[in-house]
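> Fold the stuff below for me.
(one chain, ligands or ions: 2)
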Amino acid sequence: MATHTVYKEPAPIMDRENPLESMMSRFNIAADILGLDDATYNVLKAPDKQVIVNIPVTMDDGNIRVFEGYRVIHNTILGPSKGGIRYDVNVHLDEVKALAAWMTWKCAVVDIPYGGAKGGIICDPTKMSAGEIERMTRGYTLALKDIFGPDRDIPAPDMGTGPREMAWLMDEFSKTNGMTSPAVVTGKPLVMGGSLGRTEATGRGVMVSALAALKKLGLKPTDVSAAIQGFGNVGSWAAILLHAQGVKIKGVSDISGAYWNEAGINIDEAVAYKNAHNGRLEGFEGATPMDPNDLLISDVDMIVPAAVEDVITEHNAHKIKAKLIVEGANGPTSASADPIINEKGIMVVPDILANSGGVTVSYFEWVQNKQGFKWSLDMVTERADRIMSDAFEKVYQTSQKYKIPMRIAAYVVAIDKVAQTYKFRGGF
Ligand SMILES: NC(=O)C1=CN([C@@H]2O[C@H](COP(=O)(O)OP(=O)(O)OC[C@H]3O[C@@H](n4cnc5c(N)ncnc54)[C@H](O)[C@@H]3O)[C@@H](O)[C@H]2O)C=CC1
Ligand SMILES: O=C(O)CCC(=O)C(=O)O
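Ligands and ions are numbered 1, 2, ... in the order given. Predicted coordinates:
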């Protein structure tokens with residue numbers, strides 16, 4: 001019989017800028033601009049619900065490891081809560097709270113009928129077998145079976161998760177409830193109710209909003225160079241689609257390092273290399289390794305942070321040379337960098353707008369599951385692009401009206417919609 005050592009992953013210490021504080025400081029500015037009443041402010045400043053779960057998992061060596069997982073429901077006034085699940089060693093409750101609130105604002109910006117939520121498990125999926133990840137995902141789903149539901153809370157992929165994990169989640173939830181429930185989760189494999197276009201949706205939204213911003217700046221995509229941080233789902237699809245529009249991608253990075261080619265990186269080759277090398281760019285010969293700290297301050301017209309939070313801070317913002325920042329990641333810019341970026345006149349397409357293409361197509365997937373009818377890729381793409389373009393224009397016009405940066409304008413649009421809904425629904 002195996003000796004069972006019960007090992008619990010230590011909760012990480014927040015030794016970086018706190019994304020929750022960054023979210024709150026922007027929320028406060030937007031709330032002041034709108035003259036938000038105290039009751040609505042107090043309801044929105046904290047999550048509706050925070051659940052912490054312990055997930056015991058039998059590891060391949062027979063030992064039992066206990067993982068800590070979270071699901072935070074920020075707000076559901078606009079509809080069932082929606083938001084991804086992150087598997088990462090740096091998952092932190094404050095981070096999940098910030099990510100959940102960003103989901104509320106994001107869904108409101110693109111005007112889809114969802115509230116905001118986010119989940120995460122402190123773990124390193126790169127050091128776990130598929131079997132261990134499956135048992136952990138099923139344990140997380142069971143622990144949250146009363147939270148999740150097609151009309152309650154609908155998870156999706158985020159960093160470290162993808163269609164595979166969503167399939168396990170759907171299966172576990174369905175078995176537990178004695179009925180097949182595809183609409184309980186989005187980002188599923190195509191064969192089991194996933195939507196055409198969901199895989200590339202976030203990167204595509206980044207491309208659509210980048211093109212809209214370049215137009216406002218009077219720049220043609222074919223005259224523009226870019227650097228992209230993160231080469232996972234969002235970063236690699238943003239690279240593929242921006243490259244296809246004629247943007248010269250000079251720099252890309254992932255957890256293994258950063259890579260530069262002054263003449264422009266062949267993105268198809270980089271993606272093929274990554275796919276053949278366990279999702280990493282390490283060893284890619286189509287570009288030269290560079291210091292990852294230099295990527296976002298390199299000499300390009302546009303930067304696309306598409307990895308983690310707080311990579312643009314008061315320490316590097318003054319060195320940014322780009323005219324445009326399009327935020328593929330959630331929370332890549334800490335609040336301390338905002339005044340510096342604004343002072344430099346850099347245009348920012350903020351996360352809650354730029355990366356909202358993902359949740360938009362997740363919404364389409366949920367609608368298709370509920371309809372029991374599959375949409376064509378053209379239908380998905382055309383509708384998602386229109387939603388992204390309309391949301392961009394609304395945020396842009398709001399920024400012009402109040403003479404505020406696009407980031408605060410996006411919060412104003414979102415909080416206004418949520419606050420108006422509270423006024424109609426009442427209840428407090
Ligand atoms: N997947 C989705 O549909 C959506 C994702 N997002 C956000 O986009 C960001 C990226 O998510 P995904 O692409 O889904 O994750 P992913 O797990 O597919 O890829 C993450 C990428 O970032 C790289 N990375 C991690 N730490 C890094 C660092 N310190 N420096 C440079 N690269 C680093 C990884 O090597 C990998 O290439 C996250 O902030 C996520 O919340 C936002 C909206 C939707
Ligand atoms: O696709 C979704 O439902 C949510 C994706 C997500 O977590 C995000 O937009 O940050």
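
> Up against ligand 2, what does the chain have?
For the chain, the contact set with ligand 2 under CB under 6 Å from any ligand atom comprises 82-84, 106, 156, 158, 186-187, 330, 355, 358-359, 362. Using the backbone N, CA and C atoms, a C-beta is placed for each residue, glycine as well.

> got the contact list for the nearest residue to Met128 once chain neighbours are set aside?
Distances taken as CB to CB, 6 or more residues apart in numbering put Met136 closest to Met128, at 7.4 Å, once the chain neighbours are dropped. Neighbouring residues of Met136 by CB atoms under 8 Å, 6 or more residues apart in numbering: Ile55, Val57, Phe67, Ile121, Cys123, Met128.

> try it again with 10 Å
Listed by CB atoms under 10 Å, 6 or more residues apart in numbering, the contact set of Met136 reads 55-57, 59, 65, 67, 69, 87, 121, 123, 125, 128, 165, 168.

> just to revisit the earlier point, would you check which pair of the residues of the chain next to ligand 2 lies furthest apart?
Thr186 and Asn330 (16.8 Å; CB to CB).

> Find the closest residue to ligand 2 in the stretch 1-150 of the chain.
Closest contact between the stretch 1-150 of the chain and ligand 2, by CB to the nearest ligand atom, is at Gly84 (2.6 Å).

> Can you tell me which residue of the stretch 101-250 of the chain sits closest to ligand 2?
Across the stretch 101-250 of the chain, no residue is closer to ligand 2 than Ala156, which sits at 3.2 Å (CB to the nearest ligand atom).

> what about Ala212, neighbour count?
Ala212: 20 surrounding residues under other CB atoms under 10 Å.

> Need the pLDDT of it.
We note a pLDDT of 98 for Ala212 in this prediction.

> In three-state terms, label it for me.
What DSSP: H, G, I helix; E, B strand; the rest coil gives for Ala212 is helix.

> Isn't it up against Gln245?
No: between Ala212 and Gln245 there is no contact under CB atoms under 10 Å: 11.8 Å.

> Just the residues of the chain next to ligand 2: which are in strands?
Lys82, Gly83, Gly84, Ala156 (DSSP state E).

> so which of the residues you listed is the most crowded?
These, ranked by neighbours (other CB under 10 Å): first place Gly83, 32 neighbours.

> First-to-last residue distance for stretch 295-302?
Using CA to CA, to the nearest Å, one end of stretch 295-302 lies 11 Å from the other.

> Give me the buried positions along it.
Leu295, Leu296, Ile297, Ser298, Val300, Asp301, Met302 (16 or more other CB atoms under 10 Å).

> pretty sure His74 is in contact with Gly116, am I right?
Yes: the criterion here is CB under 10 Å, and His74 meets it with Gly116 at 4.2 Å.

> which residues do these two both contact?
Residues touching both His74 and Gly116 (CB under 10 Å, 6+ apart): Pro47, Asp48, Ser81, Gly83, Leu99, Ala100, Ala101, Trp102, Met103, Thr104, Trp105.

> Filter those down to the ones in strands?
Among the shared contacts of His74 and Gly116, DSSP E puts Ser81, Gly83 in strands.

> Return the per-residue confidence for Glu17.
pLDDT, read off for Glu17, is 81.

> I'd assumed His92 was in contact with it.
No: counting by CB under 10 Å, Glu17 does not reach His92; the two are 11.8 Å apart.

> which residues are in contact with both of these two?
In contact with both Glu17 and His92: Glu309, using CB under 10 Å, 6+ apart.

> mind listing what's buried in the biggest helix by length in the chain?
For the chain, the helix with the greatest residue count under DSSP state H is helix 377-402. Of the residues in helix 377-402, 380-381, 383-385, 387-388, 391-392, 394-396, 398-399 count as buried by neighbour count, 16+ other CB under 10 Å.

> what does the stretch 301-428 of the chain put close to ligand 1?
Taking CB under 6 Å from any ligand atom, the part of the stretch 301-428 of the chain that reaches ligand 1 is made up of Ala306, Ala307, Val308, Gly328, Ala329, Asn330, Asn355, Gly358.

> Let's have these in TSV, adding pLDDT and neighbour count.
Listed next are those as TSV, based on pLDDT from 0 to 100; neighbours: other CB atoms under 10 Å:
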residue	pLDDT	neighbour count
Ala306	98	32
Ala307	97	20
Val308	94	19
Gly328	98	32
Ala329	97	25
Asn330	97	26
Asn355	98	27
Gly358	98	29
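
> next one: stretch 66-75 to chain centre, how far?
Relative to the chain's own centre, stretch 66-75 is displaced by 16 Å; criterion: CA atoms, centre = their mean, to the nearest Å.

> what do you get for stretch 291-301?
From the chain centre to the centre of stretch 291-301 is a distance of 22 Å (CA atoms, centre = their mean).

> what's the first-to-last distance across it?
This stretch, stretch 291-301, spans 19 Å end to end (CA to CA).

> Quick check: mean pLDDT of it?
When pLDDT is averaged over stretch 291-301, the result is 98.

> ditto for stretch 118-138
98.

> repeat for stretch 235-250
98.

> next helix or strand past the longest helix of the chain?
Under the assignment DSSP states H and E, the closest C-terminal helix or strand after helix 377-402 is helix 406-425.

> Show me which residues of that following helix are buried.
Buried residues in helix 406-425, defined by neighbour count with 16+ other CB under 10 Å: 406-419, 422.

> Find the centremost residue of the protein, please.
Residue closest to the average C-alpha location in the chain (CA atoms, centre = their mean): Asn330, at 4.9 Å.

> residues near the nearest residue to that residue once chain neighbours are set aside, how many?
Counting by CB to CB, 6+ apart, Asn330 lies nearest to Asp351, which is 5.0 Å off, once chain neighbours are set aside. Neighbour count for Asp351, taken as other CB under 10 Å: 25.

> Can you pull the phi and psi angles for the closest residue to Gly149 other than its chain neighbours?
Leaving aside its chain neighbours, Gly149 sits nearest to Val184 (6.3 Å; criterion: CB to CB, 6+ apart). Dihedral pair for Val184: phi -80, psi -20, per degrees, to the nearest 10.

> Looking at Ala322 now. What's its pLDDT?
At Ala322, the model reports a pLDDT of 98.

> Show me what the closest residue to it other than its chain neighbours bridges to in the sheet.
Distances taken as CB to CB, 6+ apart place Ile303 nearest to Ala322, at 4.6 Å, with adjacent residues excluded. Bridge pairing for Ile303 (DSSP bridges) gives the partners Ala227, Ile325.

> Go ahead and confirm Ile303 touches Ile320.
Yes: using CB under 10 Å, Ile303 is in contact with Ile320, at 7.0 Å.

> what sits against the residue in the stretch 51-200 of the chain that ligand 1 sits nearest to?
Nearest residue of the stretch 51-200 of the chain to ligand 1 (CB to the nearest ligand atom) works out as Met159 at 3.9 Å. Residues near Met159 by CB under 10 Å, 6+ apart: 84-88, 90-91, 99, 120, 125, 230, 232-234, 307-308, 329-330.
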